[in-house]
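S.K.: Need a 3D model of the sequence below.
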Amino acid sequence: MYEFLNMLLKMLPIIIIVAIITSQVVAVPTDSMAPVINSGDMVLVQKTDLLGIYSELNPEEVKEGDIVIYSKGSESEEHGNTDSQESVIHRVVSVYELDGSKYFILKGDNNLDVDDERVYPHQISAKAVMWGGNPIIIPQIGNIIIFFKSLIHDFTSAFHGGG
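M.R.: Next comes the predicted model:
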């Protein structure tokens with residue numbers, strides 16, 4: 001057992017690098033899914049568009065209980081406003097169909113209320129890979145990515161005169 005854990009620890013950096021390169025892990029910036037997924041955790045995901053060449057996930061097949069990443073504000077993006085778009089990772093609590101269109105109601109496990117907007121399949125970009133009923137996570141490693149994304153955002157905002 002000790003040898004296996006030792007080998008796993010030695011391989012962990014390689015696994016993390018490969019996962020990041022293939023964009024199969026996502027850093028979670030908030031505690032809205034705590035205690036299942038905490039701020040700074042990395043979550044292994046299936047993507048609807050993997051590197052523009054392959055789709056691992058059909059968002060039409062998402063079901064209640066799935067943990068998904070969706071683009072909040074995508075409805076306004078269709079009307080030319082992309083400023084309000086942000087990615088959110090939450091759990092599907094209900095699936096509905098209205099006039100032939102499927103939509104989902106989502107909620108962070110740590111939130112009291114469901115999300116404000118309906119989420120449509122085209123807004124879903126990924127789904128957490130589950131094992132034994134729980135998402136596969138790498139605890140706290142995402143803090144490094146969140147830190148660097150924040151630095152890049154601050155730099156580009158300053159460079160472009162934003163705030």
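S.K.: what separates the spatially closest residue to residue 142 that is not a sequence neighbour from residue 126, distance-wise?
M.R.: Closest residue to residue 142 apart from its sequence neighbours, by CB to CB, 6 or more residues apart in numbering: residue 27 at 3.1 Å. Placement of C-beta: from N, CA and C, glycine included. Applying CB to CB, to the nearest Å, the value for residue 27 to residue 126 is 12 Å.
S.K.: Point to the residue nearest the middle of the chain.
M.R.: Nearest to the mean C-alpha position of the chain, counting by CA atoms, centre = their mean, stands residue 69 at 3.9 Å.
S.K.: and that one, which of the three is it?
M.R.: For residue 69, the assignment made with DSSP: H, G, I helix; E, B strand; the rest coil gives strand.
S.K.: my read: it touches residue 126, true?
M.R.: Yes - Residue 69 lies in contact with residue 126 (CB atoms under 8 Å); the separation is 4.3 Å.
S.K.: picking up where we left off before, so the residue nearest to residue 142 sits right up against residue 45, yeah?
M.R.: No - look at residue 27 against residue 45 with CB under 8 Å: they stay out of range, at 11.0 Å.
S.K.: more neighbours, those two?
M.R.: For residue 27 and residue 45, the more surrounded residue by other CB atoms under 10 Å is residue 45, and the numbers stand at 25 against 21.
S.K.: Look at that one and give its secondary structure.
M.R.: At residue 45, secondary structure determined by three-state DSSP is strand.
S.K.: Pull out the buried residues from the longest strand along the chain.
M.R.: Selection of the longest strand in the chain by residue count, based on DSSP state E, yields strand 86-98. By 16 or more other CB atoms under 10 Å, the buried positions in strand 86-98 come out as 88-92.
S.K.: what's the answer for stretch 96-111, then?
M.R.: Buried residues in stretch 96-111, counted by 16+ other CB under 10 Å: 104-108, 111.
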